[in-house]
Structures are given as structure tokens and as C-alpha cells.
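Asks: based on what follows, work out the 3D shape:
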Amino acid sequence: MTLLSTYFRRLLSLLPILLIALLSVPCFAADKKAPDVLVLSDGDVLHGTFVNEIGGTVTFHTDSLGDVKIPWAKIKELHTAGDFAVLSSQEKKHGRRAVAHLPEGPVDVTDGAVTVRSANQQPAPPVPVKDAQYIVDHATLDKQLYHEPSFFAGWNGSATAGATLVTATQNQYTVSGSLGLVRVVPTVSWLDTRNRTSTDFSGSFGKITQPGYTSPTGPVAATVTKTAITHFDAERDEYFSPRMFALGQTAFDHNFSQDLSLQQIYGGGIGWTVLKKPNEEADLKGTMQYEKQAFIAGSGSTNQNLIGTTIAATYAMKTKLVTWTQALAYIPAWNQPHDYSATETDTFAFPAYKNFSFSVGTLDSYLNDSPSTLPPTKHNSFQFTMGLTYALKSKY
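Replies: Residues are numbered from 1 along each chain as shown. Okay, the predicted model is just below:
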């Protein structure tokens, strides 16, 4: 009897806990948000999660179809449960100050207009869908406005490698490679750029060997012809308007065929983004700089300390069939007008498989003060390369 009464007392003591747990179940169910609803122009209805809208294309996720991309023209209605902000194409500035004050809340799209139901602000006027350039969620907006990737995150770019091997009367090999990285903050195209960091490396090395042999007039010694061209640069841009930025840069060049051991450049200046579209961008830059040229010993040329300028233009265009990048630079020296140089690089990348592409490129450099040697050293150096390119994409 004592054991039975003890059992019932323990059971009664657990009743409050069980009641609280049972009463909490409806609360948890109520907290679960209803799915977003997308109504297509043909009457079909999708239930799932609205991801975003960029440039007139809506991304909607469903469990059965995954991410589906649909243009505004095929959408009749859209209703979201989560909070979003609308960036209009009529607003010229998409910087931190302008975007931070945009109303956020659930979004309704009806009758060709986007409405944000903000609980903490005055109702915003509807935005025509043709002007709704971007619709983004609160978490993404907060991340891009108030946070920056770590030093090792947020980088995009490409790595290229190529090689040639010939075995015949002469033995020849050539290896070439390049690595280009850029990090733009914010990392999305729908906000004005605050800063940009870029670095590039390219190099090629080759050797042609003619074995020694015996001719009717006597033995002929073996000969070796060497080529080596290396370039590295880095740049940091700080934007003070959507299109204007201050920059600091450094560059290092080596060209064996021009008897240039090392050219160093350290400078700073101003840049202007002349053209900025989703698939095109062009920049103009001008700097003041210190430049030091060191030539290969025995070439007959003295080392130079120069004060000069770099006037440069860069252009990038991306289509489904090719990605084209071009860079032009003219580098005059003010204290030695004769010691000027110029470079041009062009690269064409053709998509092959996933992140891989086939690329061809040229590098043309002109050094006006290259040494006078025998055999004569040409002022101009032209390089043509082919290789396999791998695209590096950030997940930030």
C-alpha cells in the first residue's frame, strides 16, 4: 500500500510538467511561418520560399522543383511571409546610407506593383515591378551593409596554366601560368561598391637547346636560348562615390629578353568607373608613382630611379560564349622623358565544362630604355599564350 501511494504521488507531481508541454505544442505550431505563395500568369500556384529578385528575374524555391527562376512577365501574384526590402531602379544611389532606411517587411505583388508591409514604418508607396530592380531578404541585406568578409574570404578570379614541349633537332619547352583575384565589398552587384582589392600574377618561362655537333669545319658548341617574363601587381580601391575611387598600387616586372632584371612601381591616384553594367565594366585610372628599374648585369644599361605616372584603362565583358578582359597602360617618366614604357594585355576565355574554360591571351610590352646590346635588344616584347582556366568563385 505504501509503494502504491508513493507511485501516485510521483505521478501527480509530474502532471504540471505534462500540462505545460501539451499547452506549448500549439504555440510552437503557431510560430511556424506559412509558406510563400507564387501565382503564375497561367493560374498555377507554387508554395515554397521566395529567395530574391534580381534584374527582373524572381528566384523561388520549392521542395519538389528546387530553385526556379521566373521573369516578372510570367508572374501574376507573389505573397511572402518573410521580411524583404525593395531596391528601385529609380533610386540613383544604392549605398549604405540610402539602403539602410528602406522599409522592410513581407512583400505582396499584385496588379503589376510591389508593396512592402512594414510594421515599424509608414507604409511605403507601391513600386512598379518594372522598377523593382532588386528584392532581397533582411539577413542578406544586413550582412552586405554592415559586415565585411575576412581577409581570406570573398575572393573571385581565375587560374590559368599552359605548357609546350618539343623534342626534335632542337629541344624546347615553355610553361606559362597566371592567377587573378579580386574582392569587391559589398560582394553583391545591387549595392554600391565601398572598396575593391585586386592582385594579378602572370609568368612564362622557356628554353630552346641546340645540342653541340661536329661540322666539316670543326666542332660547334651547344647553344641555349632562354625566355622569362614575369609580372605581378596589386591594387586597393576606396570608393568615395558610386563611380569615383582613390587607389594605391604596386607592380613588379621582369623580362629577360629586354634585359630588365626588375622594375618596381609604387604609387597612388584616382580612378573612375566609366561603364558599369551586369555584363560590362570599364575603369580609367591615373597615378603618381616612384619607379625603379634594375637591368641585368653586363647589359650596358644603368639602373634608373624615376618619378612618373601610370595612365591606365581596363575593360571586362562577359557573355555566354566568351569572357574578354583588356588592360592598357602608358607609363611616362617625368624626370627622364626618354624612359617611358607601355603595356597591353588581352584575354579571351571560352567556357568548356563547369568552372573550366579554354583561354587565349596576349601580352605586349614596350620598354623605350631597354639596353643597346649585341644581338640588338628589341624595345617591344610580344607574348601569345593558350591554356586551361579554372574560375574561382567565392561562397561569401
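
Asks: tell me, what residue is most central in this protein?
Replies: N156 (4.1 Å; CA atoms, centre = their mean).

Asks: would you list every one of the strands in the stretch 51-200 of the chain?
Replies: 57-62, 66-71, 75-79, 84-88, 107-110, 113-116, 127-128, 132-137, 156-167, 171-185, 195-210 (DSSP state E, counting those that start in this stretch).

Asks: how about these in TSV, adding distance to L260?
Replies: Backbone N, C-alpha and C define where each C-beta goes, glycine included. Converted to TSV, the strands of the stretch 51-200 of the chain look like this (distance: least, CB to CB, whole Å):
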stretch	distance to L260
strand 57-62	49
strand 66-71	50
strand 75-79	59
strand 84-88	49
strand 107-110	59
strand 113-116	58
strand 127-128	57
strand 132-137	47
strand 156-167	23
strand 171-185	18
strand 195-210	14
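
Asks: want to try TSV for those, with mean pLDDT as columns?
Replies: As requested, the strands of the stretch 51-200 of the chain are arranged in TSV below (pLDDT from 0 to 100):
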stretch	mean pLDDT
strand 57-62	95
strand 66-71	94
strand 75-79	94
strand 84-88	91
strand 107-110	93
strand 113-116	92
strand 127-128	92
strand 132-137	92
strand 156-167	91
strand 171-185	93
strand 195-210	93
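
Asks: which one of these lies closest to G308?
Replies: Among the strands of the stretch 51-200 of the chain, the nearest to G308 by CB to CB is strand 195-210 (20.1 Å).

Asks: name the residues that touch the following helix or strand past that closest one?
Replies: Next along the chain after strand 195-210, taking DSSP states H and E as the criterion, comes strand 213-215. Here strand 213-215 makes contact (CB atoms under 8 Å, 6 or more residues apart in numbering) with 219-220.

Asks: can you tell me the strand partners of strand 213-215 and which way each runs?
Replies: Strand partners for strand 213-215, identified by DSSP bridges, are recorded as strand 218-220 (antiparallel).

Asks: what's the following helix or strand after the partner strand?
Replies: Next element after strand 218-220 (DSSP H and E): strand 223-239.

Asks: helices and strands around that following strand, which ones?
Replies: strand 195-210, strand 244-255, strand 356-367 (3 or more CB pairs under 8 Å, 6 or more residues apart in numbering; DSSP states H and E).

Asks: including mean neighbour count and distance to G95, could these go into JSON lines?
Replies: Compiled in JSON lines, the helices and strands packed on strand 223-239 are given as follows (neighbours: other CB atoms under 10 Å; distance: least, CB to CB, whole Å):
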{"stretch": "strand 195-210", "mean neighbour count": "16", "distance to G95": "12"}
{"stretch": "strand 244-255", "mean neighbour count": "18", "distance to G95": "13"}
{"stretch": "strand 356-367", "mean neighbour count": "18", "distance to G95": "34"}
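
Asks: residues touching the closest residue to the residue nearest to the centre of the chain other than its chain neighbours, list them.
Replies: Of all residues not flanking N156 in the chain, S394 sits nearest, at 5.2 Å (CB to CB, 6 or more residues apart in numbering). Counting by CB under 8 Å, 6+ apart, S394 makes contact with 149, 153-156, 183, 187.

Asks: next, S394: secondary structure please.
Replies: coil (DSSP: H, G, I helix; E, B strand; the rest coil).

Asks: just to revisit the earlier point, would CSV of the helices and strands packed on strand 223-239 with distance to K226 be doable?
Replies: Below are those laid out as CSV (distance: least, CB to CB, whole Å):
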stretch, distance to K226
strand 195-210, 5
strand 244-255, 12
strand 356-367, 17
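
Asks: any idea which element A349 lies in?
Replies: Applying DSSP H and E, one finds A349 within strand 341-353.

Asks: please name the strands paired to that strand in the sheet, noting orientation.
Replies: For strand 341-353, pairing defined by DSSP bridges yields strand 323-331 (antiparallel), strand 356-367 (antiparallel).

Asks: would you put the C-alpha positions of that strand in CSV?
Replies: Taking Å, rounded to 0.1, in the frame of the first residue of the first chain, the C-alpha atoms of strand 341-353 are listed here in CSV:
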residue,chain,number,x,y,z
SER,A,341,57.0,52.2,-71.2
ALA,A,342,53.6,50.8,-72.2
THR,A,343,51.7,47.5,-71.8
GLU,A,344,48.6,45.9,-73.3
THR,A,345,47.1,42.6,-72.2
ASP,A,346,44.1,40.8,-73.8
THR,A,347,42.5,37.6,-72.6
PHE,A,348,39.6,35.6,-74.1
ALA,A,349,38.1,32.7,-72.1
PHE,A,350,35.7,30.3,-73.7
PRO,A,351,33.5,28.1,-71.4
ALA,A,352,34.3,24.4,-71.6
TYR,A,353,33.0,22.4,-68.6
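
Asks: buried set for it?
Replies: Buried residues in strand 341-353, counted by 16 or more other CB atoms under 10 Å: 341-345, 347, 349, 351.

Asks: nearest to G43, of the residues you listed?
Replies: Closest to G43, out of all of these and judged by CB to CB, is P351, at 37.2 Å.

Asks: hey, what's the closest one bridged with?
Replies: S357.

Asks: pLDDT value on it, please?
Replies: For P351, the model assigns a pLDDT of 94.

Asks: can you list the low-confidence ranges for the protein?
Replies: Low-confidence segments of the chain (pLDDT under 70): 1-33, 120-122, 298-301, 373-375.

Asks: what residue spans form the domains of it?
Replies: Domains of the chain are assigned by automatic domain parsing as 36-146, 156-392.

Asks: burial measure for V58, as a count.
Replies: 22 (other CB atoms under 10 Å).

Asks: now do the contacts for the closest residue to it other than its chain neighbours.
Replies: In this structure, V58 finds its nearest non-sequential neighbour in I70, 5.0 Å apart by CB to CB, 6+ apart. Counting by CB under 8 Å, 6+ apart, I70 touches 38, 40, 57-58, 60.
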